[in-house]
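Novice: got a structure for you, letters missing:
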């Protein structure tokens with residue numbers, strides 16, 4: 001009986017050992033952790049006069065993996081000295097080249113004053129490379145930056161060892177001495193901090209192979225796997241795997257894994273630029289990330305950090321004086337960790353990757369994904385949205401107590417490349433991407449396409465006369481459609497009477513827009529909007545002219561590329577290139593589509609310039625926006641949604657503001673969306689060239705009287721340089737003056 005039991009026990013143990021060994025071997029054969037897909041932003045570029053302060057360049061260099069030193073001596077290092085940053089380039093043919101970037105403080109803002117590359121002299125441009133934006137693993141909502149142990153700074157490694165397993169290099173996977181010591185210490189309370197019993201190796205296998213259930217069998221399995229793993233890998237390799245795998249909390253819907261990603265998410269820094277205090281803070285979160293997150297629980301995080309520093313002193317990693325200095329350091333964390341690395345944009349990239357690869361291992365491990373994001377513009381967009389929502393205030397809550405939300409999309413209208421995207425006020429609070437997925441009524445921002453449809457019909461039909469100077473009767477009118485009567489009203493019940501198309505659009509007159517749409521044909525307006533936006537045709541009803549149908553901010557942005565790009569809609573894209581082991585992956589993408597003649601798109605854009613000078617966006621000039629631009633406000637029925645879309649030839653931005661539950665916001669587009677747009681565009685174009693709209697062939701300019709659209713005479717008190725398609729300019733002279 002005894003021998004039978006012994007043999008059965010031996011056989012069971014052998015099978016158990018073989019099963020665990022097989023698990024370890026299979027994991028090691030797969031390189032333990034599959035390489036994540038890496039998302040890179042667009043290359044960073046510096047130029048003289050660019051609106052940028054030294055702190056922003058430091059953040060850029062952190063994004064690129066540069067290490068801060070008192071003096072830059074080697075490739076990949078930088079130093080800060082007052083208003084000058086010296087860096088030694090790390091990538092490409094210019095690796096090892098020294099560059100000095102100088103800054104000057106002008107009228108309230110910093111600018112790059114000079115880029116010096118000794119001994120060559122000054123440069124007009126400096127390309128710094130493409131920063132790693134984020135990392136993703138297929139099928140796993142996580143962010144992770146795999147970093148070799150050799151590139152991890154000593155204080156980070158020592159802080160983790162002190163906090164989690166100071167005898168790591170002495171045990172064989174399970175630390176019997178530490179298990180006993182931890183039990184005594186935690187019971188007697190002889191330390192100001194709790195001492196754990198699990199080794200780093202145990203934590204690694206638990207997080208990789210096992211569930212979180214607290215049972216004796218799971219603990220025994222964990223210990224056995226840890227012992228087996230230590231027989232197969234060196235201590236250095238196990239430590240490297242652990243530091244790249246350790247869980248450090250949530251960033252919105254993403255799990256943060258690894259100390260390199262933790263440094264970015266918690267502090268907005270490259271791992272090598274963490275201070276001793278920051279390293280101890282991050283190590284302190286490992287025990288319970290939900291309780292010790294420094295951005296959410298600063299007091300707990302500070303207490304835990306100081307406990308880690310004390311442990312580092314006790315185990316000989318730092319001196320008492322070094323620990324004291326670090327303990328006195330204030331917590332400097334990213335204001336909102338959920339918004340680091342453009343999370344709404346990253347979600348959009350993932351969705352475009354799914355569609356672009358047509359299901360062929362979308363988001364696969366090891367992909368190199370080059371995106372269109374400009375991190376400088378992204379930062380400006382996030383600041384503009386946050387400040388705009390702060391100005392609106394929390395008093396305008398919806399019926400469910402929700403706060404106002406906003407979305408901002410900025411693109412290069414010439415290519416459709418998305419340069420910045422914000423999908424809400426806080427990704428941590430809501431991962432719903434309003435830029436991509438919020439279907440809202442668009443209000444008056446549809447009106448430019450009403451006038452564009454009229455110009456298009458006039459081009460096809462010589463009997464249909466319509467120009468920017470055509471007079472429209474803007475008076476209260478009742479419309480009958482499908483045996484239904486409808487009487488739209490202008491905002492504030494202000495009517496102009498006879499008014500030119502230009503001024504009717506600039507002032508966003510509702511009655512005039514409906515009359516133009518009726519004369520043109522509601523179906524023609526619907527079809528044009530569908531072609532311009534890339535969406536479905538809206539119902540061809542009179543209210544179409546006032547934007548009484550739903551669409552998304554991305555569709556609005558796509559439509560406006562046609563106005564800014566000579567009548568050609570550019571498909572919006574967040575991805576420039578996808579490669580897999582040096583093999584470029586072909587993406588399924590839409591193609592540009594001409595939706596209107598170049599001259600007609602130009603004529604509408606010229607009309608929209610008056611929105612800033614004499615229309616609903618005049619407040620932008622008072623807020624300091626002085627660039628030539630075209631744009632349109634939008635406000636929906638009941639003031640539920642506020643919009644502004646505006647562009648220069650090189651940058652187009654669309655802003656939506658509203659409440660998720662559809663409650664009235666109580667603000668117009670000029671009051672809620674325009675300030676956000678203005679703040680973003682003013683900063684985005686500061687120090688960058690902003691050319692005028694390119695006039696296509698066949699356009700002629702005539703001086704007209706803005707009151708009646710006829711040719712101006714010397715007696716007219718006011719004149720306007722109006723653009724026309726050649727042959728449609730007015731022949732009659734003004735008879736009023």
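Specialist: Perfect, thanks for sending it. Quantities reported herein were computed from a predicted structural model and do not represent experimental measurements. Residues are numbered from 1 along each chain as shown.
Novice: could you point out where this protein is predicted with low confidence?
Specialist: Where the chain drops to pLDDT under 70, the residues are 1-21, 25-32, 138-140, 180-196, 210-214, 218, 335-340, 358-365, 394-400.
Novice: now residue 526: which helix or strand?
Specialist: Assigned by DSSP states H and E, residue 526 belongs to helix 522-533.
Novice: list of residues touching that helix?
Specialist: For helix 522-533, the surrounding residues in contact (CB atoms under 8 Å, 6 or more residues apart in numbering) are 446, 449-450, 452-453, 456-457, 517, 535-542, 544-545, 551, 555-556, 558-559, 562, 569, 593, 595-596. Just so you know, the C-beta spots here come from the backbone N, C-alpha and C atoms, and that holds for glycine as well.
Novice: for stretch 482-493, same thing?
Specialist: Residues contacting stretch 482-493 (CB under 8 Å, 6+ apart): 474, 476-480, 508-511, 514, 541-543, 546, 635, 668.
Novice: what's the first-to-last distance across it?
Specialist: 26 Å (CA to CA, to the nearest Å).
Novice: now it, how far from the chain's geometric center?
Specialist: Offset of stretch 482-493 from its chain centre (CA atoms, centre = their mean, to the nearest Å): 40 Å.
Novice: kindly report the same for stretch 597-605.
Specialist: With CA atoms, centre = their mean, you get 31 Å for stretch 597-605.
Novice: tell me how many other residues crowd the nearest residue to residue 504 once chain neighbours are set aside.
Specialist: The spatially closest residue to residue 504, leaving aside those adjacent along the chain, is residue 512, at 3.8 Å (CB to CB, 6 or more residues apart in numbering). Residue 512: 30 surrounding residues under other CB atoms under 10 Å.
Novice: roughly how far out does the helix or strand encompassing residue 512 sit from the chain middle?
Specialist: Taking DSSP H and E as the definition, one finds residue 512 inside helix 510-520. Relative to its chain's centre, helix 510-520 lies at 38 Å (CA atoms, centre = their mean).
Novice: and it, what's buried?
Specialist: 510, 511, 512, 513, 514, 515, 516, 517, 518, 520 (16 or more other CB atoms under 10 Å).
Novice: now swap in stretch 311-327 and tell me
Specialist: 311, 312, 313, 317, 318, 323, 326, 327.
Novice: got CSV for those residues, with secondary structure too?
Specialist: Below are these laid out as CSV (DSSP: H, G, I helix; E, B strand; the rest coil):
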residue, secondary structure
311, helix
312, helix
313, helix
317, coil
318, coil
323, helix
326, helix
327, helix
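Novice: nearest to residue 348 among these?
Specialist: For the buried residues of stretch 311-327, the residue nearest residue 348 by CB to CB is residue 326; the value is 39.3 Å.
Novice: burial check on residue 638, number of neighbours?
Specialist: For residue 638, the neighbour count with other CB under 10 Å is 12.
Novice: apologies, that question was intended for residue 564.
Specialist: Residue 564: 28 neighbours (other CB under 10 Å).
Novice: what does the one 3 residues further on give?
Specialist: As a burial measure, the neighbour count of residue 567 was computed by other CB under 10 Å and equals 24.
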